[in-house]
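S.K.: what shape does this take:
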Amino acid sequence: MTWYETDKYRVAKMSRGLFDARKPRYLALAEEITQAIGDGRYAVGALLPSEAELCANHKVSRHTVREAARVLQDLGLVARHQGVGTRVQSSKVASRYVLAMDAIPDLWQYVKDTQLKVVRGKVIQAKDALTPLPGADEAHRWQLIEAVRYAKLGEPIAWKQVYIDTEYSAVTTQVGRRRVPIYALIEQHYGIKTVKVRQEISAVAIPKEAAQVLRVKPGSSGLAILRHYVGSDDRVFEVTMGVYPASRFRYSVELRLEYGNGRR
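M.R.: Reported below is the predicted structural model:
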């Protein structure tokens, strides 16, 4: 499963009748309270009923009530105050896009479900790149593409710089026109094989240029995702750098313990 559906989106879907009846009870409760807030039964500034009252009214456990409150807080609908209670602070759910990936093949789903719009492109030398281009001579030429990736609803989710070895630059005319990963376009056009992708994720302060297109404050928290695409000849033929607002990207990985006899 590539796309990580946050509680926020699940509740948003439920409120539109799009989520099925098998939803967890805490999400069902969050949906009911969200609807009540939207209808004005719980006004902005008012306190929600106590945990005990919600448990009795909805016939659920305290754990379910607390999980529902956590969801509502994540949605920005309520704020919890120690010793006071849970206060309604908004009647509307703020939209947010969150992506999770747990394997490189998930890039296909990511590209399929989003849209890349090219802002500009030019040929540069490796020494002029904003990120190191491994194995490249300083004078080696690369095609630089700057672009913005958008969610289906038009929300900008990433500011990207893509560096393509000019040996493979013929594919640049297709970037943004086909919903196929760029490395796959290069594979299809030139018959090469991607054997590995090296990835680094780091925290960054979003630069002014990226902040403007991402509609966030310059210097706000973000994640930089750097990927090096390596062919069978051990050469890096593509490098991508994507900057994401911290709330719009999630990366998950599962670690398994291996014991001495090879069993898990």
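S.K.: in the host helix or strand of A184, what's buried?
M.R.: According to DSSP states H and E, A184 maps onto helix 182-190. Neighbour counts using 16 or more other Cβ atoms under 10 Å place I182, Y183, L185, I186, E187 of helix 182-190 among the buried residues. Quick note: C-beta positions are derived from backbone N, CA and C, even for glycine.
S.K.: looking at those, which is nearest Y42?
M.R.: I182 (48.0 Å; Cβ to Cβ).
S.K.: how about the contacts made by the closest one?
M.R.: V162, I164, V171, V175, E238, T240 (Cβ atoms under 8 Å, 6 or more residues apart in numbering).
S.K.: could you look up the SS state of G76?
M.R.: coil (DSSP: H, G, I helix; E, B strand; the rest coil).
S.K.: just confirm it contacts V88, I think it does.
M.R.: No. If you go by Cβ atoms under 8 Å, G76 and V88 don't touch, sitting 10.7 Å apart.
S.K.: one step back: ok, so of the contacts of I182, who is nearest H140?
M.R.: After measuring those against H140 - Cβ to Cβ - the closest member comes out as I164, at 11.9 Å.
S.K.: just the pLDDT at that closest one, thanks.
M.R.: Reported pLDDT at I164 in the predicted model: 96.
S.K.: that one touches F237, doesn't it?
M.R.: Yes. Using Cβ under 8 Å, I164 is in contact with F237, at 7.2 Å.
S.K.: the more surrounded of the two?
M.R.: A count of neighbours by other Cβ atoms under 10 Å puts I164 above the other of I164 and F237, at 26 against 22.
S.K.: stretch 213-232 - what's its average pLDDT?
M.R.: Per-residue pLDDT values across stretch 213-232 average out to 91.
S.K.: state the mean pLDDT of the helix holding A184.
M.R.: On average, helix 182-190 scores 93.
S.K.: can you show me the CA trace of it as PDB?
M.R.: The C-alpha trace of helix 182-190 is given here as PDB (Å, rounded to 0.1, in the frame of the first residue of the first chain):
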ATOM      1  CA  ILE A 182      11.900   9.700 -14.900                       C
ATOM      2  CA  TYR A 183      14.300   6.800 -14.300                       C
ATOM      3  CA  ALA A 184      11.800   4.600 -16.100                       C
ATOM      4  CA  LEU A 185      11.600   6.900 -19.000                       C
ATOM      5  CA  ILE A 186      15.400   6.700 -19.300                       C
ATOM      6  CA  GLU A 187      15.200   2.900 -19.000                       C
ATOM      7  CA  GLN A 188      12.600   2.700 -21.800                       C
ATOM      8  CA  HIS A 189      14.300   5.100 -24.100                       C
ATOM      9  CA  TYR A 190      17.900   3.900 -23.700                       C
END
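S.K.: how about the helix or strand following that helix, which residues are buried there?
M.R.: Scanning forward in sequence from helix 182-190 by DSSP H and E, the next helix or strand is strand 194-205. By 16+ other Cβ under 10 Å, the buried positions in strand 194-205 come out as T194.
S.K.: quick one: the helices in the stretch 51-200 of the chain?
M.R.: Here the stretch 51-200 of the chain has its helices, by DSSP state H, counting those that start in this stretch, at 51-58, 62-74, 106-112, 182-190.
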